[in-house]
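1. Structure here, sequence nowhere to be found:
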């Protein structure tokens, strides 16, 4: 029997009444492997999309690239990856993404993922244990995978982070100038207008970097009392960093958060990291710094660098899926 993709219409209590009015019901693709049999129990993998994407994007048909179903079919047929259930959540927001965190400005997306795990375990014959449940992703999805693994090792016992956001000074601060220039050119009110309809603003020429910086502020420094629902980590008039706000961002940077979750990281059956050597967002240097921290604390992990940038990395899933499969219990 061939593999199947089931599209779940999952209603999330965690997302009900979210501040942006985004849907509480999400379409979640679930990959069922060839030969799927409800009399068996399967390990599971939660595959998290990057900023601006959601689970459905993994199903895209591309002329020169496998979609996720074709990739998994090939890896399972070759024996490199064991049969497993793969869940592709939708944690997107109107701003583009949630970083898989809870925020008063966007909604409770970390809770949403945990709620989805319970739903999948209740409906499908999964091995409902952290040692048989992995989380993986690229870019913001990699950040989300690492964040979930650090904070919920009792749920996710295996983590694969492909070029996840880290070392925020290098990853995000270069974009702050784009926000300053956008506000200078169009007025501060243009930031609120952009957030009302980001798609229209991007089509009209708004820089993606501006939206990305605002979206990150919405999840890293939410403030219900602020006009936008969040605090910017810099002053719009002078560009000076606001130390009290930046400290909130830094606390969520994996380079700082890892130090507060060392035992959780040590408990993982697998911690897999990789990054392209020419990553356009400087994420290579965050990956190297995190690897140094892990070595200093004798925490087991796998780390790989490859020739490439931030995009076009789908082939790296071959390596991480194989590592996940090998690390799961027999």
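-> Arrived safely. Owing to the predicted nature of the structure, the values given are computational and were not obtained by experimental measurement. Numbering: from 1, shown residues only.
2. Tell me, how many residues neighbour residue 238?
-> For residue 238, the count of nearby residues is 8 (other C-beta atoms under 10 Å). C-beta: built from backbone N, CA, C; applies to glycine.
3. oh, and call the first residue 13 from now on, that's how I've got it
-> Shifting the count to begin at 13 puts that one at residue 250.
4. so what's it scoring on pLDDT?
-> Looking at residue 250, its pLDDT stands at 97.
5. residues near the residue lying closest to residue 241 once chain neighbours are set aside, how many?
-> Nearest in space to residue 241, with sequence neighbours left out and distances taken as C-beta to C-beta, 6 or more residues apart in numbering, is residue 117 at 4.1 Å. Residue 117 has 25 neighbours, counted by other C-beta under 10 Å.
6. What segments of the stretch 163-312 of the chain are helices?
-> With DSSP state H, counting those that start in this stretch, the ranges of helices along the stretch 163-312 of the chain come out as 180-183, 188-198, 201-208, 210-215, 220-232, 255-264, 266-272, 274-279, 295-308.
7. Select, out of those, the one closest to residue 26.
-> Nearest to residue 26 among those is helix 220-232 (14.8 Å), distances taken as C-beta to C-beta.
8. what sits against the residue nearest to residue 241?
-> Residue 117 is in contact with 31, 230, 231, 234, 235, 236, 240, 241, 242, counting by C-beta atoms under 8 Å, 6 or more residues apart in numbering.
9. Kindly reformat the residues you listed as JSON lines containing pLDDT.
-> Listed next are the contacts of residue 117 as JSON lines, based on pLDDT from 0 to 100:
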{"residue": "31", "pLDDT": "97"}
{"residue": "230", "pLDDT": "98"}
{"residue": "231", "pLDDT": "98"}
{"residue": "234", "pLDDT": "98"}
{"residue": "235", "pLDDT": "98"}
{"residue": "236", "pLDDT": "97"}
{"residue": "240", "pLDDT": "97"}
{"residue": "241", "pLDDT": "98"}
{"residue": "242", "pLDDT": "98"}
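10. Check the residues you listed and tell me the two furthest apart.
-> Among those, 231 and 236 lie farthest apart (C-beta to C-beta), at 13.8 Å.
11. If you count surrounding residues, which of those two has more?
-> Each of residue 231 and residue 236 has its neighbours counted (other C-beta under 10 Å); residue 231 has more, 25 against 9.
12. Verify the contact between the more buried one and residue 119 for me.
-> No - if you go by C-beta atoms under 8 Å, residue 231 and residue 119 don't touch, sitting 9.6 Å apart.
13. and residue 167, what is it in contact with?
-> 126, 129, 142, 145, 160.
14. neighbours of the third one, just the number please.
-> If I follow you right, that is residue 142. That count, for residue 142 with other C-beta under 10 Å as the rule, works out to 18.
15. wait, doesn't it sit right on residue 169?
-> Yes - between residue 142 and residue 169 there is a contact under C-beta under 8 Å: 3.6 Å.
16. Spit out the residues that contact residue 231 and residue 119 alike.
-> Here residue 231 and residue 119 share the contacting residues residue 110, scored by C-beta under 8 Å, 6+ apart.
17. for the contacts of residue 167, which one is nearest residue 226?
-> Nearest to residue 226, judged by C-beta to C-beta, of the contacts of residue 167 is residue 160 at 23.6 Å.
18. Skip the chain neighbours and tell me the closest residue to the residue most central in space within the chain.
-> With distances taken as C-alpha atoms, centre = their mean, residue 153 lies nearest the centre of the chain, 1.8 Å away. Distance criterion C-beta to C-beta, 6+ apart; nearest residue to residue 153, sequence neighbours excluded, is residue 60 at 3.5 Å.
19. mind checking how far that neighbour is from residue 165?
-> Using C-beta to C-beta, to the nearest Å, residue 60 is found at 16 Å from residue 165.
20. can you list the weak-confidence ranges in the stretch 13-162 of the chain?
-> Scanning the stretch 13-162 of the chain for pLDDT under 70 picks out no residues.
21. all helices in it, in order from the N-terminus.
-> Using DSSP H, counting those that start in this stretch, helices in the stretch 13-162 of the chain cover 80-89, 121-135, 152-163.
22. Which phi and psi values does residue 34 adopt?
-> phi -70, psi 160 (degrees, to the nearest 10).
23. Can you get me a residue count around it?
-> Per other C-beta under 10 Å, the neighbour tally for residue 34 reads 18.
24. ok so, going back, of the helices of the stretch 163-312 of the chain, which stretch is the most buried?
-> When you average the neighbours per residue for each of these (mean count of other C-beta atoms under 10 Å), helix 220-232 leads with a mean of 23.
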